[in-house]
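S.K.: just to be clear, the model below is a prediction. Sequence and coordinates:
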Amino acid sequence: MGTVLGGMRNVRWHELQHAYGSASQVPGMLSRIAWGDGPTAGDALSDLDRWIGAPAVFDATVAAVPFLWELAATEAVKDRAGVLDLLATILAADAADHARRPEWTRAAHEAVAEGRSAAARLASAPETKETQAVRDAAARLLAALDGHTCAACGGPRTA
């Protein structure tokens, strides 16, 4: 796997769950985002959105978020803006959508918040045609992070 996503092999994905069952396929989706062409990465992002992002989050979501931040910061990734949008979707997940496991929601939100400095760097990257979508997505995510409160994170949901 090289240095990008190299830490994925340390996660016991087969023991984690996403919306449709075992998370054993999540590393493959993350790899498709990392090294796939635009359509391949887009399909993988769409799959991950359904599996780990909306409407509820899962233990696989918590495990995947650090790798999503890694992908968002890697210039070779074709759809970094899409990765940032997936992180925003995860942040918007409500604990009520997963009433049996609200701790997953809190942990997922905390994992997204841990990447705030990366989002700030991406939002302030030099403006070029190639970086504009990433800058915009990072700015939206920063705004969501700055305004985020929800029951799982210790307060009423305002966003």
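M.R.: Yep, it's here. Everything numeric in this text was worked out from a predicted model, so none of it was measured.
S.K.: now for the lengthiest helix in the chain, which elements pack on it?
M.R.: Looking only at the chain and at elements set by DSSP state H, the helix with the highest residue count is helix 132-147. Packing contacts for helix 132-147, counted by 3 or more C-beta pairs under 8 Å, 6 or more residues apart in numbering; DSSP states H and E, involve helix 80-92, helix 116-123. All C-beta atoms are positioned from the backbone trio N, CA, C, and that covers glycine.
S.K.: most tightly packed of these?
M.R.: helix 80-92 (a mean of 24; mean count of other C-beta atoms under 10 Å).
S.K.: and Trp69, how many neighbours does it have?
M.R.: Here the number of neighbours of Trp69 (other C-beta atoms under 10 Å) works out to 21.
S.K.: what's the answer for Thr149, then?
M.R.: Number of residues near Thr149 (other C-beta under 10 Å) recorded here: 13.
S.K.: then Pro27?
M.R.: Look at Pro27: counted by other C-beta under 10 Å, it has 18 neighbours.
S.K.: do the same with Ala151
M.R.: Ala151 - counted by other C-beta under 10 Å - has 14 other residues nearby.
S.K.: what does Ala139 give?
M.R.: Using other C-beta under 10 Å, Ala139 is surrounded by 16 other residues.
S.K.: ok, now which ones touch it?
M.R.: Residues counted as contacts of Ala139 (C-beta atoms under 8 Å, 6 or more residues apart in numbering) are Ala123.
S.K.: please report how far it lies from Gln17.
M.R.: The gap separating Ala139 from Gln17 is 32 Å, by C-beta to C-beta, to the nearest Å.
S.K.: which parts of this structure are strands?
M.R.: Applying DSSP state E to the chain gives strands spanning 17-18, 21-22.
S.K.: figure out which of the ones you listed is closest to Lys78.
M.R.: The minimum distance between Lys78 and those falls on strand 17-18, with 22.7 Å, by C-beta to C-beta.
S.K.: in stretch 31-50, what counts as buried?
M.R.: Within stretch 31-50, the residues scored as buried using 16 or more other C-beta atoms under 10 Å are 31-36, 41-42, 44-45, 47-49.
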